[in-house]
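# sharing a model that was predicted from the sequence below.
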Amino acid sequence: MAAELTQKGVKTLLGDPQRAIIELSFPMIAAMSIQTLYNLVDAFWVSGLGADALAGIGFVYPFFFLAMALSNGLGVGTSSALSRRIGARDKIGADNVAVHSIIIMVVLAIAYTIPLVAFSEDLFLLIGAGKTVDMAVAYGQVIFAGSIFLFFTNVGNAILRGEGDTRRAMYAMALGAGLNIILDPLFIYTLGMGIAGAAWATLLSLGITSLVMLDWLLLKKDTYVSFVFRDFSGNKEIVRDILGVGLPSSVMQLSMSFTTLILTVIIVIAGGTDGVAVFSTGWRVESMAVLPAIGIATAVVPVCGAAFGARSFGKIHIAHIYAIKIGLIIETVIAVATFVWAPQIAAVFTQAETAVHIAPDLTLFLRIVCLFYPAISFGMLSASVFQGTGKGVNALLVTLLRTIILTPLLGSIFVFIFGWGLVGIWWGLVMANIIGTSVAFVWVRLYIRGLMKTTV
């Protein structure tokens, strides 16, 4: 069955781009919807511990996002390099990409884990955790120590996506999320572990998912790519190809982490730890709201990569426009629903007596930030085209414009010059995203037009 899915996935990558976008993205959207449910449940259970617990996780979030950035970035580079070789009918090259990606992943995971476990408390105090530092340490150290599982599952998923096997990628994500939903209340409340229990639930879920993926990739050997480590010899060209997209992608996501860190400091100044609780909780909702666009983006990368490898540039044009249409419709519906039901959503995350007072501010955050949801598809899916075709630096530049330049700049102007307080930061996020996505869309359209001229 798995072998049939693999062959079908490769055939889908090389076929009609519109059908490929649908077939590859919707399993990922389904998986991310389950992940969304987990995030909602997780936030619900943690909110029962009070606003300090929410703030504690908020201080961990930038560093957890760092692990996501590194592992997802490597995954994007792997998926891009793999799909381009599949498009070029280069099976040996695809195998080498898969082996190199696993080795790079292990090195990155070790480099991430050791310093964060050793210096977590100092880092949390440095960014203003204050009275919530114990909460942040209890949650963060567990997450940091088990980061190898996060790295492996993200890169393993990318390998499956790169060869068009999004169904098993979906199964893996759904398994992890489902386990987390079950384990969260057990560890947090039944076993009395508090905020550390939420971290242990996440760690155990990732560990079990990693074992399943290890079986698929390295033991059963029923994937399109083959893993042969015995006679491994590093290939600089393959490393350069993976990292040429993977590093800019990681920096893209790191820039988001860095921006989150900067915003956290500004928020502490403008609204104290309650402001951090509003931001960390509201941004969790935002992260869930854009998951459909992320799911579509995971399909755009391999579809455009395979088309680029086969030099079928017209398919890149079709895939890009079609993906944006789907993403725009879905994200607009989510934006409207968020605006209408913002008070109810805020109420879910502020049920604890110590968190009730932040409900109005959280409602306002949700209603402002949701205004940029429809624009997300134009930027995210344009960056995915660049990544799929090996132009990782292009994707990086448009992201840096939005994250490092526009978001802190506009947020600071609205807070410190206009005196809008926390609301100014929320409007800065909206304006930065709308401007940044517009630039990305225009640039990628010019790039695709240039590619198509080369085939005329």
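Arrived safely.
# so, low pLDDT: which residues of the protein?
Residues of the chain that meet the criterion pLDDT under 70 lie in 1-7, 36, 39-40, 231, 352, 354, 455-456.
# can we see that at 50?
Within the chain, the stretches with pLDDT under 50 are 1-5.
# mind checking the longest helix of it?
Identified as the longest helix of the chain according to DSSP state H is helix 236-289.
# so Met252 touches Asn394, yeah?
No: Met252 lies out of contact with Asn394 (CB atoms under 8 Å); the separation is 10.8 Å. Heads up, the C-betas are built off the backbone N, CA and C, glycines and all.
# mind checking which of these two has more residues around it?
Remark: of Met252 and Asn394, Met252 carries more neighbours, 24 against 20, as counted by other CB atoms under 10 Å.
# dump the residue contacts of that one.
Met252 makes contacts with 69, 73, 383, 395-396, 399-400, 403, as judged by CB atoms under 8 Å, 6 or more residues apart in numbering.
# any idea how far Gly93 is from Val225?
Plainly put, Gly93 is 10 Å away from Val225 if you go by CB to CB, to the nearest Å.
# more neighbours: which of the two?
Shown here are Gly93 and Val225; by other CB under 10 Å, Val225 has more neighbours (23 against 20).
# for that one, helix, strand, or coil?
Three-state assignment for Val225 (DSSP: H, G, I helix; E, B strand; the rest coil): coil.
# switch to numbering from 17
Right, with 17 as the first residue, what we last looked at is Val241.
# separation between it and Ser99?
With distances taken as CB to CB, Val241 is found 11 Å from Ser99.
# identify the contacts common to the two.
Common neighbours of Val241 and Ser99 (CB under 8 Å, 6+ apart) are Glu179.
# how deep is the closest residue to Gly180 other than its chain neighbours tucked in, by neighbour count?
Sequence neighbours aside, Gly25 is the residue nearest to Gly180 in space, at 2.6 Å (criterion: CB to CB, 6 or more residues apart in numbering). The local packing of Gly25 (other CB under 10 Å) involves 27 other residues.
# Three-state assignment for Gly25, please.
helix.
# mind listing what His333 touches?
Counting by CB under 8 Å, 6+ apart, His333 touches 464, 468.
# just the element for it, please.
Counting by DSSP states H and E, the element that carries His333 is helix 329-356.
# Leu467 too?
In the assignment (DSSP H and E), Leu467 maps to helix 438-469.
# how far away from the center of its chain is that helix?
Remark: helix 438-469 is offset 18 Å from the chain centroid, using CA atoms, centre = their mean, to the nearest Å.
# now that helix: buried residues?
Neighbour-count burial for helix 438-469 flags 438-457, 459-460, 463-464, 467 (criterion: 16 or more other CB atoms under 10 Å).
# ok, Cys386 - contacts?
By CB under 8 Å, 6+ apart, the residues touching Cys386 are 302, 305, 350-351, 354-355, 358.
# from these, which is closest to Ile429?
Nearest to Ile429, judged by CB to CB, of the contacts of Cys386 is Glu302 at 21.2 Å.
# okay, that closest one and Leu382: tell me how far apart.
According to CB to CB, Glu302 and Leu382 sit 8 Å apart.
# picking up where we left off before, same list (the contacts of Met268) but as a markdown table, adding neighbour count, distance to Gly288 and secondary structure.
Listed next are these as a markdown table, based on neighbours: other CB atoms under 10 Å; distance: CB to CB, whole Å; DSSP: H, G, I helix; E, B strand; the rest coil:
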| residue | neighbour count | distance to Gly288 | secondary structure |
| --- | --- | --- | --- |
| Ala85 | 21 | 27 | helix |
| Gly89 | 27 | 33 | helix |
| Ala399 | 32 | 34 | helix |
| Ala411 | 28 | 36 | helix |
| Leu412 | 22 | 34 | helix |
| Thr415 | 25 | 30 | helix |
| Leu416 | 17 | 29 | helix |
| Thr419 | 24 | 24 | helix |
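# can you redo those as TSV with distance to Ser249?
Formatted as TSV, the contacts of Met268 follow (distance: CB to CB, whole Å):
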residue	distance to Ser249
Ala85	29
Gly89	24
Ala399	33
Ala411	30
Leu412	30
Thr415	34
Leu416	35
Thr419	38
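# please enumerate residues in contact with stretch 341-351?
Here stretch 341-351 has contacts from 37-38, 41, 305-306, 308-309, 312, 386-387, 389-390, 392-394, 396-397, using CB under 8 Å, 6+ apart.
# to clarify, my last question referred to stretch 233-245.
Identification of contacts with stretch 233-245 by CB under 8 Å, 6+ apart yields 18-19, 22-23, 25-26, 98, 102, 110-111, 113-115, 118, 172, 175-176, 179-181, 232.
# now do stretch 184-193
Applying CB under 8 Å, 6+ apart, the external contacts of stretch 184-193 come out as 18, 21, 43-44, 46-48, 50-51, 53-54, 169, 172-173, 176-177, 221-222, 224-225, 228-229, 232.
# rerun at 7 Å
Stretch 184-193 is contacted from outside by 18, 21, 43-44, 46-47, 50-51, 53-54, 169, 173, 176-177, 221-222, 225, 228-229, 232, using CB atoms under 7 Å, 6 or more residues apart in numbering.
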